[in-house]
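Chemist: Sequence and computational prediction follow.
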Amino acid sequence: MLLISLISSPIYTVTSKELLEKDFTNALFGRFEKNIEIYRKVANILRDKEGKILLNDGNCYQIVYLMGKPEKFILPYQYEFMPALSNPALFVNYVVAVKDRNSDVLFQQFEGGIKGFYPIFDEGKIIIWEKT
């Protein structure tokens, strides 16, 4: 059963109708789509920054992958995510959000800005806030 799963998983994700699964599989195999450039820009901005980054990897996993430093992030499945969402200044130096209220809880929470943070990047569909 495990062998069948290991063999069929990559095939399933490549042929999946779910866009995020296809993007993830393509990234694993080194095949990036044109829309990856915005994520590459964000990763380059954050790469040498100090401190933690609050991010929803449900729609920004490309940034985590491109940075290659997952320990820098506080992600939705981690214990610290909800407290950081409630009071980011105590937990992180950066907040990254996709500007879509329907898909990003961070943008839902911080669309009007974050007290003690200012935007350092606002291009296309992504915004980055930095703690002052």
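Modeler: Thanks, I have the structure now.
Chemist: tally of neighbours for residue 42?
Modeler: Neighbour count of residue 42, defined by other CB atoms under 10 Å: 25. All C-beta spots, glycine's among them, are computed from the backbone N, C-alpha and C.
Chemist: nearest spatial neighbour of it, skipping sequence neighbours?
Modeler: residue 63 (5.2 Å; CB to CB, 6 or more residues apart in numbering).
Chemist: ok, that neighbour - contacts?
Modeler: When contacts are counted by CB atoms under 8 Å, 6 or more residues apart in numbering, residue 63 touches 39, 42-43, 46, 55, 96.
Chemist: Kindly provide the distance from it to residue 70.
Modeler: Residue 63 sits 10 Å away from residue 70, going by CB to CB, to the nearest Å.
Chemist: any chance of the contacts of residue 63 in CSV, plus pLDDT, secondary structure and distance to residue 85?
Modeler: Formatted as CSV, the contacts of residue 63 follow (pLDDT from 0 to 100; DSSP: H, G, I helix; E, B strand; the rest coil; distance: CB to CB, whole Å):
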residue, pLDDT, secondary structure, distance to residue 85
39, 94, helix, 21
42, 97, helix, 19
43, 97, helix, 22
46, 98, helix, 19
55, 97, strand, 11
96, 98, strand, 13
